[in-house]
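[1] how would this look folded up:
(one chain, ligands or ions: 1)
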Amino acid sequence: MAETIFSKIIRHELPADIVYEDDDVIAFRDINPQAPVHVLVVPKEAIATVNDIQPGQAELIGKMVLTAQKIATEEGIAEDGYRLVINCNRHGCQEVFHLHLHLVGGRQLHGISAI
Ligand code: 5GP
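    Residues are numbered from 1 along each chain as shown. Take a look at the predicted model:
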């Protein structure tokens with residue numbers, strides 16, 4: 001997989017507002033937030049898009065969701081609710097080709113296309 005800006009954040013070579021990190025995933029605030037809470041949950045393993053996820057990585061993908069759930073609780077938005085989004089390729093408006101889950105919340109969200 002090609003090097004991305006997220007590779008540098010994972011290696012701590014670029015600054016980011018990191019809210020969670022362990023051996024498998026890192027989560028940091030989006031540089032251009034679309035809502036009061038906008039955190040990106042990123043696997044440290046190099047996976048470019050949803051299309052590249054292998055069956056053996058199912059546990060890692062589950063861990064991304066559980067990490068988002070934990071952060072949502074810590075950010076105080078779990079009860080009101082939030083949205084988890086993974087963009088894929090051109091039609092999905094993916095800009096950074098290192099898999100990431102957007103956790104978006106902290107305000108009333110609108111239609112699925114509005115975030
Ligand atoms: P995508 O469109 O690929 O699903 O989302 C990429 C996201 O990464 C965008 O929301 C964009 O604002 C965010 N982003 C791009 N570059 C950086 C960066 O250097 N730092 C942080 N924290 N977020 C970034």
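
[2] residues from this structure in reach of the ligand?
    5, 16, 28-32, 40, 87, 93-96 (C-beta under 6 Å from any ligand atom). Any C-beta I mention is one placed from the backbone N, CA and C, and that applies to glycine too.

[3] so which bits of the longest helix along the chain are buried?
    Longest helix in the chain, counting residues (DSSP state H): helix 58-74. In terms of neighbour count (16 or more other C-beta atoms under 10 Å), helix 58-74 has its buried residues at 60-61, 63-64, 67-68, 71-72.

[4] remind me, longest strand of this protein?
    Longest strand in the chain, counting residues (DSSP state E): strand 37-43.

[5] for it, name the packing helices and strands.
    helix 5-10, strand 25-29, helix 58-74, strand 101-105 (3 or more C-beta pairs under 8 Å, 6 or more residues apart in numbering; DSSP states H and E).

[6] which parts of the helix or strand following the third one are buried?
    Spelled out, it's helix 58-74. Downstream of helix 58-74, the next assigned helix or strand under DSSP states H and E is strand 82-85. Within strand 82-85, the residues that count as buried by 16+ other C-beta under 10 Å are Y82.

[7] what comes into contact with strand 82-85?
    37, 65, 68, 72, 101-106, 109, 115 (C-beta atoms under 8 Å, 6 or more residues apart in numbering).

[8] kind regards, and thank you for your time.
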